[in-house]
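In: can't give you the sequence, but here's the structure:
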């Protein structure tokens with residue numbers, strides 16, 4: 001038990017307070033138990049402290065401390081921590097932006113089985129950042145991420161089939177994969193389904209269905225879906241033409 005000084009129990013208690021599961025949510029108490037768990041050597045607690053420092057949740061935002069905790073967690077064998085270190089390097093959070101180092105840490109996370117690291121590694125291959133650009137390797141890593149259950153991996157693999165990047169263009173496969181990710185609540189996948197209905201790619205063109213999908217994606221915070229809703233109102237596609245509603249959605253999208 002946590003009271004008896006069991007590291008994993010301390011961390012579990014921290015997670016319960018963090019999520020508000022079985023106890024009232026209390027981030028301060030979560031952090032207290034994470035610190036105790038980390039002091040007792042629990043790698044999950046170390047990683048979670050890193051997350052709180054990175055996001056500024058319950059602690060002052062501090063990327064340097066986040067990096068320090070992620071490094072401790074990674075050294076203790078926590079796969080996700082390697083991915084977090086990669087993200088800090090990829091976006092230059094608390095360290096100079098360095099794609100080569102980001103890729104190095106994503107590889108470590110991927111080798112340890114983290115599906116998000118696999119997806120992020122694929123993104124770097126697709127864009128050619130930190131590695132020699134290769135659509136074939138991007139697809140291979142997206143496929144590994146998708147197989148491991150990463151929604152982003154499923155959606156990105158679908159996009160490769162949608163546009164024929166690293167694989168022959170195949171709208172049927174793209175639709176199937178986007179639908180899989182969309183069923184799991186992935187806003188990006190839902191928006192791309194809207195694009196396919198709007199364009200008539202692999203399905204009969206249907207502006208009404210496209211607009212419904214864009215609304216679903218927008219409700220999940222997808223800015224590009226909001227922009228598409230603005231375009232639909234501006235042209236009167238699947239909805240009554242309205243300059244006012246077009247402006248409203250354009251402003252919500254940030255004017256993408």
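Out: Received the coordinates, thanks. Everything numeric in this text was worked out from a predicted model, so none of it was measured.
In: Count the neighbours of residue 240 for me.
Out: 7 (other CB atoms under 10 Å). Just so you know, the C-beta spots here come from the backbone N, C-alpha and C atoms, and that holds for glycine as well.
In: does it sit in a helix, a strand or a coil?
Out: Following DSSP: H, G, I helix; E, B strand; the rest coil, the label given to residue 240 is coil.
In: Mind pulling the model confidence for it?
Out: For residue 240, the pLDDT comes out at 96.
In: Angles on the backbone of it, please.
Out: phi -70, psi 130 (degrees, to the nearest 10).
In: now it: how far from residue 234?
Out: 12 Å (CB to CB, to the nearest Å).
In: How about residue 62?
Out: Counting by CB to CB - residue 62 and residue 234 are separated by 44 Å.
In: swap in residue 244?
Out: 11 Å.
In: Please say which of those two ends up with more neighbours.
Out: Between residue 244 and residue 234, counted using other CB under 10 Å, the more crowded position is residue 234 (16 against 8).
In: Give me the nearest residue to the more buried one, chain neighbours excluded.
Out: residue 246 (4.0 Å; CB to CB, 6 or more residues apart in numbering).
In: Work out for me the element that neighbour sits within.
Out: helix 243-252 (DSSP states H and E).
In: The residue nearest to residue 234 contacts residue 227, doesn't it?
Out: No. Look at residue 246 against residue 227 with CB atoms under 8 Å: they stay out of range, at 10.2 Å.
In: Show the model's pLDDT score for the residue nearest to the spatial centre of the chain.
Out: In the chain, the C-alpha closest to the average C-alpha coordinate belongs to residue 152, at a distance of 6.1 Å (CA atoms, centre = their mean). Looking at residue 152, its pLDDT is 95.
In: Can you classify it by secondary structure?
Out: Strictly by three-state DSSP, residue 152 counts as helix.
In: From residue 118, how far out is it?
Out: In terms of CB to CB, residue 152 sits 10 Å off from residue 118.
In: Overlap in contacts, these two.
Out: Listed as contacting both residue 152 and residue 118 by CB atoms under 8 Å, 6 or more residues apart in numbering are residue 145.
In: residues making contact with the helix or strand bottoming out on mean pLDDT in the chain?
Out: Lowest on mean pLDDT, DSSP states H and E among the helices and strands of the chain sits helix 7-19, with a mean of 92. The contact list for helix 7-19, computed with CB under 8 Å, 6+ apart, reads 1-2, 21-23, 25-27, 29-34, 36-37, 40-42, 44-45, 48.
In: Could you do stretch 167-184 as well?
Out: In contact with stretch 167-184 (CB under 8 Å, 6+ apart) are residues 139, 146, 151, 154-155, 157-164, 188-190, 192-193, 196, 201-203.
In: sorry, back to before: does the residue nearest to the centre of the chain touch residue 188 like I think?
Out: Yes. With contacts counted by CB under 8 Å, residue 152 reaches residue 188, the gap being 7.3 Å.
In: can you pull out the helices in the stretch 151-256 of the chain?
Out: 151-163, 171-183, 187-199, 207-219, 223-235, 243-252 (DSSP state H, counting those that start in this stretch).
In: In the fifth one, which residues are buried?
Out: Meaning helix 223-235. The neighbour-count check on helix 223-235 (16 or more other CB atoms under 10 Å) flags 223, 224, 225, 226, 227, 228, 229, 230, 232, 233, 234 as buried.
In: where does it sit relative to the chain's centre, distance-wise?
Out: 23 Å (CA atoms, centre = their mean, to the nearest Å).
In: avg pLDDT for it?
Out: 97.
In: by contact count, what packs against that helix?
Out: helix 187-199, helix 207-219, helix 243-252 (3 or more CB pairs under 8 Å, 6 or more residues apart in numbering; DSSP states H and E).
In: now the helix or strand hosting residue 34 and helix 7-19, what's the angle there?
Out: In this structure, residue 34 sits in helix 27-39 according to DSSP H and E. Helix 27-39 and helix 7-19 are oriented at 160 degrees to each other (axes from the mean of the first three to the mean of the last three CA atoms, to 10 degrees).
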